[in-house]
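> Give me a model of this one.
(one chain, ligands or ions: 1)
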Amino acid sequence: MSKSNVRVLTGITTSGTPHLGNYVGAIRPAIAASRAAGVESFYFLADYHALIKVDDPARIQRSTLEIAATWIAAGLDPERVTFYRQSDIPEIPELTWFLTCVCGKGLLNRAHAYKAAVDKNHAAGADEDADVTAGLFMYPVLMAADILMFNAHRVPVGRDQVQHIEMARDMASSFNHLYGEHFVLPEAQIEDNVATLPGLDGRKMSKSYDNTIPLFAPPEQLKKLIAGIKTDSRAPGEPKDTEGSALFQIYQAFATPAETAQLRQDFAAGISWADAKLKLFQRIDAEIAPMRATYEDLIAHPEKLEALLQAGAAKARKIATPFTAKVRQAVGLRDLRAQAADKKGDKKDKSTLPSFKQYREADGQFYFKLVDAQGKLLLQSEGFASPKEAGQAVKRLQDLSAPLPALLQEIPVKHLVTAQELESALQQLLAARD
Ligand code: TRP
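The predicted structure is shown next:
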């Protein structure tokens with residue numbers, strides 16, 4: 001990753017079948033955004049989150065399959081982004097625990113979803129926590145772990161999720177305050193210019209209103225569902241209102257401005273609802289049909305998606321595994337041979353471990369050296385052309401030795417070394433410990 005990259009991350013709960021509203025409101029804009037230069041995107045299937053809402057194992061599996069197939073069919077390029085399944089990253093539940101331990105219970109008491117459940121119980125005269133699982137209560141912590149694991153800068157979400165991002169910031173700050181700067185504070189990114197799509201009954205298209213049109217419904221079913229979109233009772237030939245027309249709004253979400261202008265004229269000229277619905281069907285199908293073939297192929301070949309998700313998990317864990325090692329180290333879950341180090345409140349890490357120092361020599365080159373706690377020289381690097389290159393080599397070595405910094409003392413070479421030599425020496429030592 002180059003330094004200037006912005007990391008964008010979002011999760012999709014695997015509890016349902018993707019519908020047109022998901023496509024217009026989240027999937028399509030996210031895929032477009034993932035193609036922008038200078039962003040590094042992380043998209044994942046939030047299947048641990050799904051368990052909070054769904055206790056039907058077959059439905060979890062089916063939804064995971066459908067959502068994964070949808071994102072790929074809609075054009076997500078898994079080479080370009082990191083696309084993975086949450087439950088393939090065991091570091092996420094581990095980080096969840098670390099965050100749980102810095103998260104105030106009061107913060108979670110104030111979460112909208114939990115409060116809504118409690119309010120409902122109060123209204124029903126039931127015990128306030130009736131039917132509230134600890135999973136629902138802990139939902140924001142798991143979500144914070146998703147985000148903080150990859151140090152995402154921006155998190156595209158719907159308005160209903162903004163509080164969760166604020167809570168993630170809160171947990172990140174608490175952790176950083178206690179243990180040093182490990183986490184980026186994420187920002188919610190709300191897409192204001194993507195319309196929420198109305199559903200069959202004119203209310204927002206949503207699974208909870210049971211008014212959705214599945215994105216990959218076969219054409220005949222798509223046609224039938226579109227025929228069921230609520231309209232008024234104006235007869236053919238009578239001018240129709242575009243204002244408040246669900247049909248018109250859905251059309252607009254798929255059409256070019258010119259096509260939309262044309263439909264507006266047709267409405268004024270009294271197009272029949274049947275013809276307008278046919279136009280809508282044709283317009284949606286033109287966009288969806290090419291993807292539908294890919295979708296159906298992937299659904300029929302789950303092994304393709306499984307392989308793709310496994311590869312995505314490996315890519316994600318290249319980040320998650322060393323980062324979690326660092327976090328473990330930070331909180332004090334350490335190899336016992338790594339003597340010592342920072343007592344609580346000892347922010348300046350006056351450890352007894354060796355440390356890297358960077359400097360410039362009279363030859364104009366940039367070097368680093370490794371010195372022990374007393375300042376005795378252990379190693380000196382080759383010269384680098386720029387401070388940036390020297391810094392990158394140091395960073396690489398620090399990451400590599402994070403799980404066991406004491407190893408640095410054991411590196412057998414004591415003379416001028418290349419970063420490469422040092423790295424392979426470290427790798428050998430690490431391998432010998434496994
Ligand atoms: N809670 C999100 C939703 O319901 C899904 C989600 C889980 C998520 N983890 C996330 C979104 C991390 C963004 C980042 O929509």
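
> tell me which parts of the chain are close to the ligand?
Counting by CB under 6 Å from any ligand atom, the chain comes close to the ligand at 9-11, 13, 46, 49, 143, 146-147, 155, 157, 161. For the C-beta atoms, the positions are set from N, CA and C on the backbone; glycine is no exception.

> do that again at 5 Å, thanks
10-11, 13, 46, 49, 143, 146, 155 (CB under 5 Å from any ligand atom).

> Select from the residues you listed the one having the most neighbours.
residue 146 (26 neighbours; other CB atoms under 10 Å).

> What are the neighbouring residues in contact with that residue?
If a contact means CB atoms under 8 Å, 6 or more residues apart in numbering, then residue 146 has 9, 11, 44, 46, 86, 92 as its contacts.

> Please confirm that the second one is located within a helix.
To tie it back to what came earlier, the one meant is residue 11. No - checked against DSSP: H, G, I helix; E, B strand; the rest coil, residue 11 lies outside a helix; its state is strand.

> quick one, what contacts it?
43-46, 49, 86, 143, 146.

> Select the helix or strand of this protein having the lowest average pLDDT value.
strand 416-417 (a mean of 66; mean pLDDT, DSSP states H and E).

> what about the longest helix belonging to the chain, average pLDDT?
Longest helix in the chain, counting residues (DSSP state H): helix 302-331. For helix 302-331, mean pLDDT rounds to 98.

> Point out where the stretch 51-200 of the chain drops to low pLDDT.
Counting by pLDDT under 70, the ranges of the stretch 51-200 of the chain that qualify are 193-195.

> ranges for the helices of it?
57-73, 91-100, 105-109, 112-123, 134-149, 162-179 (DSSP state H, counting those that start in this stretch).

> The fourth one to helix 162-179, inter-axis angle?
Yep, that's helix 112-123 we're talking about. Angle of helix 112-123 versus helix 162-179, following axes from the mean of the first three to the mean of the last three CA atoms, to 10 degrees, is 120 degrees.

> Show me what helix 112-123 is packed against.
helix 134-149 (3 or more CB pairs under 8 Å, 6 or more residues apart in numbering; DSSP states H and E).

> Flag every buried residue along the helix it packs on.
136-149 (16 or more other CB atoms under 10 Å).

> residues near the residue lying closest to residue 383 once chain neighbours are set aside, how many?
Counting by CB to CB, 6 or more residues apart in numbering, the nearest residue to residue 383 once its immediate chain neighbours are dropped is residue 365, at 3.1 Å. Residues within reach of residue 365, counting by other CB under 10 Å, total 15.

> cool, and residue 387?
14.

> pLDDT score for it?
86.

> Quick check: it touching residue 367?
No - applying CB atoms under 8 Å, one finds residue 387 not in contact with residue 367, separated by 9.9 Å.

> Quickly list what's touching both of those two.
358, 360.

> can you pull the contacts of the residue lying farthest from the centre of the chain?
Here the chain reaches farthest from its C-alpha mean at residue 237, the gap being 49.3 Å by CA atoms, centre = their mean. Taking CB under 8 Å, 6+ apart, we find residue 237 in contact with 270, 272.

> how close does it get to residue 267?
12 Å (CB to CB, to the nearest Å).

> before we move on, back to that, of the residues of the chain next to the ligand, just say which sits nearest to residue 354.
residue 146 (34.4 Å; CB to CB).

> and that closest one, how far is that from residue 11?
Taking CB to CB, one finds residue 146 at 6 Å from residue 11.

> Give me the neighbour count for the residue of the stretch 301-434 of the chain found nearest the ligand.
At 13.1 Å from the ligand, residue 316 is the closest residue in the stretch 301-434 of the chain, using CB to the nearest ligand atom. Residue 316: 23 surrounding residues under other CB under 10 Å.

> check contacts around the spatially closest residue to it that is not a sequence neighbour.
The shortest distance from residue 316 to any non-neighbouring residue, by CB to CB, 6+ apart, is to residue 84 (4.5 Å). Contact analysis of residue 84 by CB under 8 Å, 6+ apart lists 42-45, 309, 312-313, 315-316.

> For those, please prepare TSV with the additional fields distance to residue 66.
Formatted as TSV, these follow (distance: CB to CB, whole Å):
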residue	distance to residue 66
42	20
43	15
44	15
45	10
309	13
312	17
313	19
315	22
316	21
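
> Among these, which pair sits farthest apart?
Most distant of the contacts of residue 84, by CB to CB, are 45 and 315, 14.4 Å apart.

> What is the neighbour count of the nearest residue to residue 35 once chain neighbours are set aside?
Spatially, and ignoring its direct neighbours in sequence, residue 35 is nearest to residue 80 (7.4 Å; CB to CB, 6+ apart). The local packing of residue 80 (other CB under 10 Å) involves 12 other residues.
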